[in-house]
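Undergrad: Build me a model from this:
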Amino acid sequence: MNARILALFAATSFVAANAVQAAAVDRDVGAYLSGAHAAAARRAAAHAPDLKHGLVVKGHVDADGRIYDAHVVRSSGSLADDVTVTRALRRLKTPEPPVRLIGAAVTLTIAPPTVRRAAND
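TA: Here you go, the predicted structure:
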């Protein structure tokens, strides 16, 4: 009986440890993707400041954090903007990605710049 309880406890501890590890990996992946999206948006705004519509670019993450094989999967409606942003993203260097993302496909959604108006006081 004690052996069964001990085995059940060990199995439960193993599952709980794996769940905590998986959550940490998901947190790392989420943080990386959030940072990559922000960096991509800054780079797009710098290279295509007149971008009127958003676009979606898909690429793969290299071990050093570069996005390679970037290509447009949803156009902004402007070939010039699509080409400019895609070229800029191919030169984008992000922080070192989590191991799980090396070689993985990522999709970056680039929104058009937002115009903020000052409130009249």
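Undergrad: Tell me the first helix or strand C-terminal of the lowest-mean-pLDDT helix or strand in the chain.
TA: Lowest mean confidence among the helices and strands of the chain (mean pLDDT, DSSP states H and E): helix 2-47, at a mean of 65. Under the assignment DSSP states H and E, the closest C-terminal helix or strand after helix 2-47 is strand 55-61.
Undergrad: May I have the strands that pair with that following strand, each with its orientation?
TA: Using DSSP bridges, the strands paired with strand 55-61 are strand 67-74 (antiparallel), strand 105-110 (antiparallel).
Undergrad: could you give the mean pLDDT of the last one?
TA: When the per-residue pLDDT values of strand 105-110 are averaged, the result is 90.
Undergrad: again, but for the first one
TA: When pLDDT is averaged along strand 67-74, the result is 93.
Undergrad: Tell me which helix or strand comes right after it.
TA: Moving toward the C-terminus from strand 67-74, the next helix or strand (DSSP H and E) is helix 79-90.
Undergrad: Send over that next one as CSV, restricted to the C-alpha atoms.
TA: C-alpha atoms of helix 79-90 as CSV (Å, rounded to 0.1, in the frame of the first residue of the first chain):
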residue,chain,number,x,y,z
LEU,A,79,3.5,46.2,-53.6
ALA,A,80,6.1,48.8,-52.8
ASP,A,81,5.3,48.7,-49.0
ASP,A,82,5.1,44.9,-49.0
VAL,A,83,8.6,44.7,-50.6
THR,A,84,10.1,47.4,-48.4
VAL,A,85,8.7,45.9,-45.1
THR,A,86,9.6,42.3,-46.1
ARG,A,87,13.2,43.4,-46.9
ALA,A,88,13.4,45.3,-43.7
LEU,A,89,12.2,42.3,-41.7
ARG,A,90,14.7,40.0,-43.4
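Undergrad: I would like the residues contacting it, please.
TA: With CB atoms under 8 Å, 6 or more residues apart in numbering as the test, helix 79-90 has contacts from 40, 43-44, 46-48, 50-52, 55, 57, 59, 66-68, 70-72, 75-76, 108, 110. C-beta here means a position set from N, CA and C on the backbone, and glycine is covered the same way.
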